[in-house]
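Asker: Could you look at this predicted model? Sequence included:
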Amino acid sequence: MVLYLLWAIGLVLVAIPLYFRWCRAGRLMAKIPGPPELPVIGNLVTIYRSKAWFLLIFIPFQMILSSTTYNEKNLPYTFLYTWLREGLLVSKGEKWHQRRKLLTPAFHSCARALGILNEHFHCFRERTQDLLRAIENEHNKAQVDLNPLFTKATLLVMCETSLGTKVEDTPVFDNYLKSIHDMGECVFQRLTQPLLAINFIYSMSSNARREKSIVKVLHDYTKQIVEKRRDNRMLNSKSVVKENVYEKKIKPALLDLLLDEEEQGNIDIEGVLEEVDTFLFEGHDTTASVLTFMVMRIANESVAQNHIYEELKDIYGDSPRQLTVEDLSKMRYLECCIKESLRLYPSVPFLSRYIKHEVDIAGYTIPKKTFCNIHVFDVHRDPEVYPDPERFIPERFLPKNVATRSPYSYIPFSAGPRNCIGQKFAMMELKTVMSELLWKYQLEPITKPEDLVFTTDLVLRTNHPIYVRFRPRVQF
Ligand code: HEM
């Protein structure tokens, strides 16, 4: 009896991979170049070793990113669904298109967007001062754990610029921050355990129950701020609010833009809430990740660090003064360093697209219902495009060098119609924080680039904390 059972299990174990190999999708997949496979088990060993369950294939990806036909998302973004619902990051089809059109004017380079961004600059500068004060309390320590520091600072920026309210660093805010972290843990479980990717199985797990209570905290927090703002607007006349927000230059928040659209019937309150949640998530964790890796790397690159400091000295001259928005455009070398950091440590290490219908791309047929992952981390380390890829060489981003490369060889903000809507916002925030930080502190290395061990996650992270030491500079 036991023997029959073992035979039956063995047969099933052999039959399933054979079926996947010989069905149409399997035959098409087999023609696409990828890592070496073993008989029957295929790439299982590679998948096990990489601690993620994605299958690797190698094809040119430009067509996928540049097209509106293949820009649908599915797994793993759907792991964020209970929290972000159908916000811009996760939504698809007509809904995504309509929302993107509605939100673009606040972020892209039209005059209105630039005006709004310039207003956000004041928030970046104020919040950077808070960050510097937090570092001041820590600078005597032999080492400072970077990510918690930057995560809090960037979330405060996103709350203020999105919600239009100065969010205080209170226990309620800390609880919100902690819940975002806990939600990240739930997503991580699903990313690394294939069975938990199946909704039915996940819904019965203790993780799903935990996620439910975390999402409640996350939603309650944003809902109460949105409702308060909505009530305040109702107390004022619509025209006064519009004048305040866009003409009298009182902090123009994403929320105001959304509530204006709600009044015009272009979005409902559920839509407003899902976009607010999406921007708070997508806008802070990514930026905190770049800051963490960049500060660590600059601490280890004394030549680049000195070069940035010299550039700042040229900009500020002899007299100490406040940073201005015009100063930011003069920080050309710092900008190259930010870009080089994003090359080596792209906050979004892979992009995923769901290919719904069978399609021919670059001479290969991709079967329908394929999850296609583009590994930004590896694209940025192609030695043919970036010789000596592990070395930190900011000059790679001088305009004359950029001109020799394909735009698809550098995609930290993705590319095509579904690229990052907040990239100008992010660059401005990064320049503000990095310039203020390097003006005030000399960074000394603790964690070395070779110590980093990356984990599988939606945002680039490591197994262990990343540390540097901050040594105050003596100004002039
Ligand atoms: C350095 C910081 C940032 C990096 C590296 C980054 C990177 C990205 C990437 C790679 C995507 C595409 C994701 C995908 O297709 O899977 C994306 C999308 C997005 N980002 Fe960013 N991002 C950053 C900062 C921001 C900021 C500050 C905001 C908000 C102000 C933001 C809002 C969004 C939104 C809403 C989307 C979805 C766009 C869509 O699907 O139409 N991001 N980001």
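Answerer: Now that the structure is in, tell me what you want to look at. Everything numeric here is computed off the predicted structure, so don't read it as measured data.
Asker: residue in the chain nearest to the ligand?
Answerer: Going by C-beta to the nearest ligand atom, the ligand is nearest to residue 422 of the chain, at 2.2 Å. Backbone N, C-alpha and C define where each C-beta goes, glycine included.
Asker: For that residue, give me its contacts.
Answerer: With contact taken as C-beta atoms under 8 Å, 6 or more residues apart in numbering, residue 422 is in contact with 107, 279, 282, 283.
Asker: For it, give me phi and psi.
Answerer: Dihedral pair for residue 422: phi -100, psi 20, per degrees, to the nearest 10.
Asker: Please list the residues outside stretch 315-329 that contact it.
Answerer: 118, 121, 125, 330-331, 428, 431-432, 435-436, 439, 475-476.
Asker: Report the buried members of the residues you listed.
Answerer: Applying 16 or more other C-beta atoms under 10 Å to the contacts of stretch 315-329, the neighbour count classes 121, 125, 331, 428, 431, 432, 435, 436, 439 as buried.
Asker: same for the ligand: which of these are within range?
Answerer: Contacts with the ligand are made by none of the buried ones among the contacts of stretch 315-329, judged by C-beta under 6 Å from any ligand atom.
Asker: With secondary structure as extra columns, can I get those in JSON lines?
Answerer: What follows is these, written out as JSON lines (DSSP: H, G, I helix; E, B strand; the rest coil):
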{"residue": "121", "secondary structure": "helix"}
{"residue": "125", "secondary structure": "helix"}
{"residue": "331", "secondary structure": "coil"}
{"residue": "428", "secondary structure": "helix"}
{"residue": "431", "secondary structure": "helix"}
{"residue": "432", "secondary structure": "helix"}
{"residue": "435", "secondary structure": "helix"}
{"residue": "436", "secondary structure": "helix"}
{"residue": "439", "secondary structure": "helix"}
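Asker: Can I get the residues you listed in JSON lines including pLDDT?
Answerer: JSON lines is the format used below for the buried ones among the contacts of stretch 315-329 (pLDDT from 0 to 100):
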{"residue": "121", "pLDDT": "92"}
{"residue": "125", "pLDDT": "94"}
{"residue": "331", "pLDDT": "97"}
{"residue": "428", "pLDDT": "95"}
{"residue": "431", "pLDDT": "98"}
{"residue": "432", "pLDDT": "97"}
{"residue": "435", "pLDDT": "97"}
{"residue": "436", "pLDDT": "96"}
{"residue": "439", "pLDDT": "95"}
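Asker: what's around residue 419, how many residues?
Answerer: Neighbourhood size, residue 419 [other C-beta atoms under 10 Å]: 13.
Asker: Which helix or strand lies directly C-terminal to the helix or strand of the chain with the lowest mean pLDDT?
Answerer: Of all helical and strand segments in the chain, the minimum by mean pLDDT, DSSP states H and E falls on helix 238-242, at a mean of 46. Next in sequence after helix 238-242, counting helices and strands by DSSP states H and E, comes helix 254-263.
Asker: Can you point out the buried residues in the very next helix or strand once past that following helix?
Answerer: Tracing the chain past helix 254-263, the next element assigned as helix or strand by DSSP H and E is helix 269-300. Judged by neighbour count (16+ other C-beta under 10 Å), helix 269-300 contains these buried residues: 271-300.
Asker: for stretch 91-99, same thing?
Answerer: Buried-residue list, stretch 91-99, by 16+ other C-beta under 10 Å: 91, 92, 96, 99.
Asker: Using PDB, write out every CA atom in it.
Answerer: Below are the C-alpha coordinates for stretch 91-99, written out as PDB (Å, rounded to 0.1, in the frame of the first residue of the first chain):
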ATOM      1  CA  SER A  91      -4.400  49.800 -10.900                       C
ATOM      2  CA  LYS A  92      -4.700  48.900 -14.500                       C
ATOM      3  CA  GLY A  93      -6.500  49.600 -17.800                       C
ATOM      4  CA  GLU A  94      -8.800  52.600 -18.100                       C
ATOM      5  CA  LYS A  95      -8.800  53.300 -14.300                       C
ATOM      6  CA  TRP A  96      -5.000  53.600 -14.300                       C
ATOM      7  CA  HIS A  97      -5.100  55.800 -17.500                       C
ATOM      8  CA  GLN A  98      -7.700  58.200 -16.000                       C
ATOM      9  CA  ARG A  99      -5.900  58.500 -12.700                       C
END
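Asker: If anything else comes up later, I'll come back, but that's it for now.
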